[in-house]
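In: Fold the following.
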Amino acid sequence: MNKTIRQALQLGVCGLFLTCAACRNDTAEAPMAADPAGANEAATAVGGDGLEQQLAAALADLASRAGVAADAITVTRASIVNWGSGAVGCPEEGMAYTQAIVPGILLLLEAEGVIYRYHGRATGDAFHCPDDRAEAPALGPGEEFM
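Out: Numbers count the residues shown, from 1 in each chain. Model (predicted):
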């Protein structure tokens, strides 16, 4: 190969690499280190007031869904967790999701003897996840916040 063409290709590859490096998403999750369960990172990402708001929204949704009063619902589990993908532990068939650790919450709520699962990200409302789609958190059980 001609020396000039080879140098042009090398420069082009270097330029592409630098462009990609400059455009990378700096908001991506940092790799997990010292916390094997990942609870501390998720707890930092979720935050206190957000947890209460997500729990309140889930209770209101379940009260409507199950046709019961919100005070008749028992919070069985409320944990800060790390999900293994953008599906937040509740993938839908035929959908594609980012494969990255996603800080969030897992709520198990009981109404009239039935347990309902609610999954959520660090921000936004938790949503009902049917048992047939539910997956466990990626990095251990998480930190209970209630």
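In: what residue ranges in the protein are flagged as low confidence?
Out: 1-49, 140-146 (pLDDT under 70).
In: can you do 90?
Out: 1-53, 122-125, 139-146 (pLDDT under 90).
In: neighbours of residue 136, just the number please.
Out: By the criterion of other Cβ atoms under 10 Å, residue 136 has 12 neighbours. Where C-beta positions appear, they are placed from N, C-alpha and C, glycine not excepted.
In: and the gap between the spatially closest residue to it that is not a sequence neighbour and residue 135?
Out: Closest residue to residue 136 apart from its sequence neighbours, by Cβ to Cβ, 6 or more residues apart in numbering: residue 89 at 7.1 Å. With distances taken as Cβ to Cβ, to the nearest Å, residue 89 is found 5 Å from residue 135.
In: shared neighbours, those two?
Out: Residues touching both residue 89 and residue 135 (Cβ atoms under 8 Å, 6 or more residues apart in numbering): residue 83.
In: quick one, helices of the protein?
Out: 3-23, 39-46, 48-66 (DSSP state H).
In: Quick one: residues contacting the residue nearest to residue 136.
Out: Counting by Cβ under 8 Å, 6+ apart, residue 89 makes contact with 81, 83, 104, 106, 119, 129, 134-137.
In: 6 Å instead, please
Out: By Cβ atoms under 6 Å, 6 or more residues apart in numbering, residue 89 lies in contact with 83, 119, 135.
In: Phi and psi next, for it.
Out: phi 80, psi 10 (degrees, to the nearest 10).
In: Check the burial of residue 126 by counting its neighbours.
Out: 26.
In: in the sheet, who's paired with residue 121?
Out: Counting by DSSP bridges, residue 121 is bridged to residue 104.
In: pretty sure it contacts residue 105?
Out: No: assessed by Cβ atoms under 6 Å, residue 121 is found out of contact with residue 105, at 8.1 Å.
In: The two: which has the busier surroundings?
Out: residue 105 (27 against 19).
In: The more buried one contacts residue 120, doesn't it?
Out: Yes: the pair formed by residue 105 and residue 120 meets the contact definition of Cβ under 6 Å, at 4.7 Å.
In: Touching both of those two, which residues are there?
Out: Common neighbours of residue 105 and residue 120 (Cβ under 6 Å, 6+ apart) are 54, 126.
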